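Visitor: quick check, what structure comes out for this input:
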Amino acid sequence: MRSSVVQDIQFPKQPALQLIYDTAPIGLAYLSPDCRYLQINQRLTEICGISVEGHLGRTVRDCVPALASAVEGIVRSIMETGKPVTGVEVYGQRPGHNDERCWITYWHPQRAPNGSIVGVNVAAEEITERKRSEREIRAARDAAERALHHLQETQASLIEAEKLAALGRLVAGVAHEINSPVGTSLTVASVLEQKCADFATEVARGKLKRSSLTDFIEVVESASSLLVGNLKRAADLVQSFKQVAVDRNYFERREFDLSEVTEQVLSNLRPALPKNNLALEVDCAPHLAMNSYPGPYGQVLTNLFVNSVAHAFPDGKGGTIAIRLRASGADHVEILFADDGCGMGHDVRRQAFDPFFTTRRDNGRIGLGLHIVHNIVMNRLGGELDLDSAPGMGTRVRITLPRVAPQRGTDS
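Guide: The predicted structure is shown next:
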């Protein structure tokens, strides 16, 4: 459709320009300074659902009262400053439709040969679909962010649960280990109690013999020695577990000897060895002074141990777990954790440290043990970790840690 109705101000006419105007792929209009429609092209009628006859010569306020104030403000600004106004988004509804539409508009002054502004050219491009897509993308992104946040919270909860489960295994191990010295002490104490009663009866009868006194003294000495030894063993176990538990709960940074902390952690893990037909070889170089986090380090050692026991020796097949500690230069230490178990294939080794990856999900495993190891070593302890394994060749985990852990915002 061509329209060249003119009122008050003549729209510049040149055949070539008029053809371009009428066939442009975007909506075009020409407004007078008092905001009357002097020209409208075919595309504008299509995207806005308007008729040429219903607009030409009429003011914006008569045709689209909802947009009148904004349009008048833009035209007034151009008339006063002479500067174009671009990128203005306009929202509205097409006549007879309830769906909201959106157009992006560009407003430029139309000048007479003498330079005075005689009107305003408006270009409008409908971006309804683009805005709808943007809203859908934002909604999808927000939903994804919420899902990710929920996943991260769930993962954090599972990691905490796994840490508590590891601590629970330590408690069970210590309880089992303490049963032996405490049980022996209880038996010895019972025997000693009976001997004391028999000795007191003999004394009360006045028939005490030198041989009876000698036997009693020997029993007391033997029982005392057994009681002291077993109770000391129990006390050492309790103290070891207490230190490990405190370190785990509070993740405190402190100075410690790596070999001593390693022995403390392993003392709580050894009870799992006999029932799994396993041997443990430990080679710790002395005087490996650290200023780091013994609790997280203990968590790493525990998780590696538990993972090896659970996965490396299927069907009750026995084997050996070896742990070696060495200095690595002046500022680092190296921990080598190895087993001679079944090893890992390429795909398993590649995913070993991924969260929630496990080959034993049917046994209730959730696949966070080695992920926690990787996270603690790399982030909390500031170290490096390397995994080497092959089917039938066992597994070796090499950890290099700085003697002085990196400072963290929560360190005191």
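Visitor: okay, CA-based contacts and neighbour counts for the rest of this
Guide: Fine.
Visitor: low-confidence stretches in the stretch 1-150 of the chain?
Guide: Regions of the stretch 1-150 of the chain meeting the criterion pLDDT under 70 cover residues 1-18, 47-50, 52, 92-98.
Visitor: can you pull out the helices in it?
Guide: Assigned by DSSP state H, counting those that start in this stretch, the stretch 1-150 of the chain shows helices spanning 15-23, 42-48, 60-63, 65-81, 128-205.
Visitor: which one of those is the most hemmed in?
Guide: Of all these, helix 42-48 has the most neighbours on average by mean count of other C-alpha atoms under 10 Å, namely a mean of 19.
Visitor: same for that helix, what does it pack against?
Guide: The contact analysis (3 or more C-alpha pairs under 8 Å, 6 or more residues apart in numbering; DSSP states H and E) places helix 42-48 against helix 15-23, strand 27-31.
Visitor: same thing but 7 Å
Guide: strand 27-31 (3 or more C-alpha pairs under 7 Å, 6 or more residues apart in numbering; DSSP states H and E).
Visitor: who's in contact with the strand it packs on?
Guide: 37-41, 43-44, 119-125 (C-alpha atoms under 7 Å, 6 or more residues apart in numbering).
Visitor: what's the neighbour count on Arg101?
Guide: Using other C-alpha atoms under 10 Å, Arg101 has 19 neighbouring residues.
Visitor: can I get the CA coordinates of stretch 217-233 in CSV?
Guide: Provided in CSV are the C-alpha atoms of stretch 217-233 (Å, rounded to 0.1, in the frame of the first residue of the first chain):
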residue,chain,number,x,y,z
ILE,A,217,52.1,-61.7,96.0
GLU,A,218,52.9,-63.3,92.7
VAL,A,219,49.3,-63.1,91.5
VAL,A,220,49.0,-59.5,92.5
GLU,A,221,52.2,-58.6,90.7
SER,A,222,51.2,-60.4,87.6
ALA,A,223,47.7,-59.0,87.7
SER,A,224,48.9,-55.5,88.3
SER,A,225,51.3,-55.7,85.3
LEU,A,226,48.5,-57.0,83.1
LEU,A,227,46.1,-54.3,84.3
VAL,A,228,48.5,-51.5,83.8
GLY,A,229,49.5,-52.7,80.3
ASN,A,230,46.0,-53.2,79.0
LEU,A,231,44.6,-50.1,80.6
LYS,A,232,47.4,-48.0,79.1
ARG,A,233,46.7,-49.5,75.7
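Visitor: any buried residues in that stretch, and which?
Guide: Neighbour counts over stretch 217-233 (16 or more other C-alpha atoms under 10 Å) mark Val219, Val220, Ala223, Ser224, Leu226, Leu227, Asn230, Leu231, Arg233 as buried.
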